[in-house]
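In: predicted model and sequence below, questions to follow.
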Amino acid sequence: MASLTRTLAITHPIVCAPMAGVAGGRLAHAVSTAGGLGMIGARGASSPEWITEQAAIAGAGGTPFGIGLMAWVDEVDDQIDAVLALEGERRPALVSVSFGALAAPVARLREAGLRTACQVGNAADLAEAIDAGADVVVARGGEGGGHGRDEVATADMLARALAATDRPVLAAGGIATGGDVARALAAGAAGVWCGTPFLTCVEADNTPAARAAIIAASSTTYSRVHDVAQDLAWPREFGGRAVSTPFVRQWAGDEDAMTAQARAQHAAGRAAGDPGYAPLYAGTGVDRLSAETDAAAVVRALADGI
């Protein structure tokens, strides 16, 4: 634990996951100012200019921060170019690359002297991350919100990663309280990587309506429903855990049979701002979110478990 905090220049071994569409520069800066490590989450369509702009916000005043990239997107090489061009306060303390072929992007980042992390959700992911030379391994269980695998529970994935490497391993998936943090650290994790507790922060890039819908939610479902409905090119093996809605429950497990009418219904609902159709990605800890909050309060609550 001390090694991770010293290496990343943070107070608490708490990393806010790079949630695309939610974790921008403002949230990253707020998390890091509170003593954790905030991460910027890049979408596939995030431009080099956007990365540069958000890095300037996150790193203002010399605050450490990280950037999360997706290995499978066509734009990843251009996004890495943008990351490699960052200097001074804009240079990230950690760059995560996950969900796809890891060797080439991790090598480029490490050759430039940047510290890397990879999320892993099964034995094959773990071996690939280790072989690629990832400096930090994020053991992500199926309880985690957003995209990833749903094959192994967090506790089991953490145990497998700790047995396979002496590099820092962060526990991810279903971590929403100080008690969850305490259990992860007691099991040997060097820290935690979590997103769901930060979904209702006022510094997040989601909307007040999205935050309200997440607060009202009581359960999540793992599926490919939102990706299929929007015709997104996420690899099939990486579904997404999102707030359970009637539409999600209707098509979960039967995504390939989704009709054109259903897709149009999903598009119309999103356009109207109906939370029943919004891709509200969240982990199993969503039922413990009770109010809009701020990043400093979330970091303090999670740090109570240290």
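Out: In hand now; what should we look at?
In: C-alpha only now, for contacts and for neighbours.
Out: Noted.
In: buried residues, stretch 270-287. List them.
Out: 275-287 (16 or more other C-alpha atoms under 10 Å).
In: ok, so of those residues, who is nearest residue 238?
Out: Nearest to residue 238 among the buried residues of stretch 270-287: residue 281, at 13.1 Å, using C-alpha to C-alpha.
In: next, the closest one: phi, psi?
Out: Phi and psi for residue 281, reported as degrees, to the nearest 10, are phi -70, psi 130.
In: pretty sure it contacts residue 239?
Out: No. Using C-alpha atoms under 8 Å, residue 281 is not in contact with residue 239, being 10.7 Å away.
In: residue contacts, residue 19?
Out: 40-42, 146, 195 (C-alpha atoms under 8 Å, 6 or more residues apart in numbering).
In: one more time with 6 Å, if that's ok
Out: residue 41 (C-alpha atoms under 6 Å, 6 or more residues apart in numbering).
In: just give me the neighbour total for residue 235.
Out: Neighbour count for residue 235, taken as other C-alpha atoms under 10 Å: 15.
In: I meant residue 297, not that one.
Out: Neighbours of residue 297 under the rule other C-alpha under 10 Å: 14.
In: where does it land in three-state SS?
Out: Using DSSP: H, G, I helix; E, B strand; the rest coil, the structure places residue 297 in helix.
In: and the contacts of the lowest-mean-pLDDT helix or strand in the chain?
Out: Within the chain, no helix or strand scores below helix 2-8, which has a mean of 86 by mean pLDDT, DSSP states H and E. With C-alpha under 6 Å, 6+ apart as the test, helix 2-8 has contacts from 11, 13.
In: can you list the buried residues in it?
Out: Of all the residues in helix 2-8, those buried under the rule 16+ other C-alpha under 10 Å are 4-5, 8.
In: then stretch 76-93?
Out: In stretch 76-93, counting by 16+ other C-alpha under 10 Å, buried: 76, 79-80, 82-84, 89-93.
In: give me the three-state assignment for residue 247.
Out: Quick answer, by three-state DSSP: residue 247 is helix.
In: distance of it from residue 274?
Out: According to C-alpha to C-alpha, to the nearest Å, residue 247 stands 12 Å off from residue 274.
In: equivalent analysis for residue 136, please.
Out: Taken as C-alpha to C-alpha, the span from residue 136 to residue 274 is 38 Å.
In: do residue 108 as well
Out: Applying C-alpha to C-alpha to residue 108 and residue 274 gives a distance of 41 Å.
In: and for residue 24?
Out: Taken as C-alpha to C-alpha, the span from residue 24 to residue 274 is 23 Å.
In: also residue 116?
Out: Counting by C-alpha to C-alpha, the gap from residue 116 to residue 274 is 37 Å.
In: could you do residue 50 as well?
Out: 27 Å.
In: what do you get for residue 202?
Out: Using C-alpha to C-alpha, one gets 20 Å for the distance from residue 202 to residue 274.
In: one more: residue 145?
Out: 20 Å.
In: strands of the stretch 151-300 of the chain, start to end?
Out: Ranges of strands in the stretch 151-300 of the chain, per DSSP state E, counting those that start in this stretch, are 169-172, 191-194, 220-223, 239-243.
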